[in-house]
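Q: Provided below are the primary sequence and the corresponding predicted coordinates.
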Amino acid sequence: MAKEVIMPKVDMDQETGTVIEWHKKNGDYVKVGDVLLVIETDKVAVDVQSPGSGILQGISVDPGEVVPIGTVIAYLLAEGESLPAAPKPDSVPEPAAIKDETTPHHQAATPIAKNMAAVHGLDISTIVPSGKGNKVTKADVAARIDIDGSTEKDGKINASPAARRTARENQIDLALISGSGPKGRVQSNDVFGFIEQQKKDEKQIDLRIDSGQAIPLIGIRRTIAERMLSNYQNIPHIRFTSRVNMSEFEAARIRLNEHAKRIEAPKVSATTLFVKLVASTLPRHPFINSSLKGEEILLHGEINIGVAVALENGLIVPVIKNADSKGIAEIASEVNDLSTRARNGTLVSSEVKGGTFTITNLGPFGVEQFDAIINAPEAAILAIGATQLEAIPGDEGKVHACPVMHMTLSADHRIVDGSVAAHFIADLKTMLEDPILLTYF
């Protein structure tokens, strides 16, 4: 019997996956554990191993396509076995209540589904169930709600439940589809036909635009775009910039690296020292290390520092867990390892989750100063610029050329008051200008 290869769920909050590359092709014989393809979630790239042994056939998703988890993307066949017949688009039966709105019947549903249906004025008995025990779930109710928030009750779009579900899963606006059912009702086969036509149209589009090239907004790049827009629009940012004399910081790093070289330990980067100093400062400023969760402010018990790493197609933020309880050598080892594996695409999901504060350092690129967008649900992010020589007045009116770095804290003004942010940035400036204070606190 043919064995299905499905889009796997590798993250708890994952809804879709993007196929990046197939390592095997139709007709290849594969064994259990062989890597079939690489997928990308909104966080990491993942190798998908074969769930069984057999001949790979029926690959239905091309690189770059985004599909919901659980979608069948290929099959494993025994020698001489044929692919299973594809289900007809309209094979999902519609309940009698849809065909005859005047004959309601009892329908089991989850409490959330019942409340959601009541809010939108929907009759729960007219909704196709998909949950265990033939129960209507929240997703089933959502499938009856138009993408723009309108419902059947509004009379804007006449569509079957199966059509609504299919449109929602594929992010299709039902208003763009002509219905073939009674009174112009949109059926599921209309949605499938629309999707197929879109695919044909996309293949005919010449991606070459003048002398440039159009690059599809997919995978990590699309996730970054969506999150940055949401964070920028929904979080009221308040920003504080401070100039830091980095003389003692650089001297300390030189001494640390001399020691690291003697014992053949990993080099201590500037980012490593930033992580340690920030992690040592945060306990005195709990609201900077917090998140807004519903109607509550969550003060985190852990200090997990995210370090933004630039990739060819975007960025990723691996996390140093419990950074306040780790020594500089351990942090240096983790920063080096996570940064390398981030660029190689070999991070696992747990290594990019759980951050409570983020550092982004563009100093190595020569950027003097910049504002960063907060990485929700965190309360703040620190943007670090390049260290450059500047004239600083000294004792007796003398002017000295000193290494100076500009850092900018962006904080969520719903959680963090101006004075709270100002005290944190002043405290951190003190720590950076005199790293020996690490031994005091």
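A: Sure thing, it's come through. Residues are numbered from 1 along each chain as shown.
Q: every contact and neighbour count from this point should use C-alpha atoms.
A: OK.
Q: and the helices in this structure?
A: Here the chain has its helices, by DSSP state H, at 96-99, 111-119, 138-143, 161-169, 188-204, 219-234, 247-262, 270-281, 328-344, 418-433.
Q: to His23, which of those lies closest?
A: Across the helices of the chain, His23 has its closest neighbour in helix 328-344 (17.1 Å, C-alpha to C-alpha).
Q: switch the helices of the chain over to CSV; also include mean neighbour count, distance to Ser290 and mean pLDDT.
A: Below are the helices of the chain laid out as CSV (neighbours: other C-alpha atoms under 10 Å; distance: least, C-alpha to C-alpha, whole Å; pLDDT from 0 to 100):
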stretch, mean neighbour count, distance to Ser290, mean pLDDT
helix 96-99, 14, 48, 39
helix 111-119, 15, 29, 64
helix 138-143, 21, 30, 69
helix 161-169, 23, 34, 76
helix 188-204, 15, 43, 73
helix 219-234, 15, 16, 82
helix 247-262, 15, 27, 94
helix 270-281, 21, 13, 96
helix 328-344, 18, 22, 91
helix 418-433, 18, 12, 96
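Q: let me have these in TSV, extended by distance to Gln369.
A: Compiled in TSV, the helices of the chain are given as follows (distance: least, C-alpha to C-alpha, whole Å):
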stretch	distance to Gln369
helix 96-99	60
helix 111-119	47
helix 138-143	44
helix 161-169	42
helix 188-204	41
helix 219-234	19
helix 247-262	18
helix 270-281	16
helix 328-344	22
helix 418-433	15
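Q: for the ones you listed, which one sits closest to Val32?
A: helix 328-344 (25.0 Å).
Q: who are the packing partners of that closest one?
A: Using 3 or more C-alpha pairs under 8 Å, 6 or more residues apart in numbering; DSSP states H and E, the elements in contact with helix 328-344 are helix 270-281, strand 309-311, strand 319-320.
Q: picking that back up, which one of the helices of the chain lies closest to Gly385?
A: Nearest to Gly385, of all those, is helix 270-281, at 11.4 Å by C-alpha to C-alpha.
Q: tilt between the closest one and helix 418-433?
A: 130 degrees (axes from the mean of the first three to the mean of the last three C-alpha atoms, to 10 degrees).
Q: so which elements touch helix 270-281?
A: Right, helix 270-281 is packed against helix 328-344, helix 418-433 by 3+ C-alpha pairs under 8 Å, 6+ apart.
Q: one step back: list just the one of the helices and strands packed on helix 328-344 that sits closest to Gln233.
A: Gln233 lies closest to strand 309-311 among the helices and strands packed on helix 328-344, at 23.0 Å (C-alpha to C-alpha).
Q: just to revisit the earlier point, the helices of the chain: which one's closest to Ala74?
A: Ranking the helices of the chain by their distance to Ala74 (criterion: C-alpha to C-alpha) puts helix 188-204 first, at 18.0 Å.
Q: what does that closest one contact?
A: For helix 188-204, the surrounding residues in contact (C-alpha atoms under 8 Å, 6 or more residues apart in numbering) are 89-90, 160, 162-164, 166-167, 174, 177-180.
Q: what angle do it and helix 161-169 make?
A: Using the same axes, to 10 degrees, one finds that helix 188-204 and helix 161-169 are set 30 degrees apart in direction.
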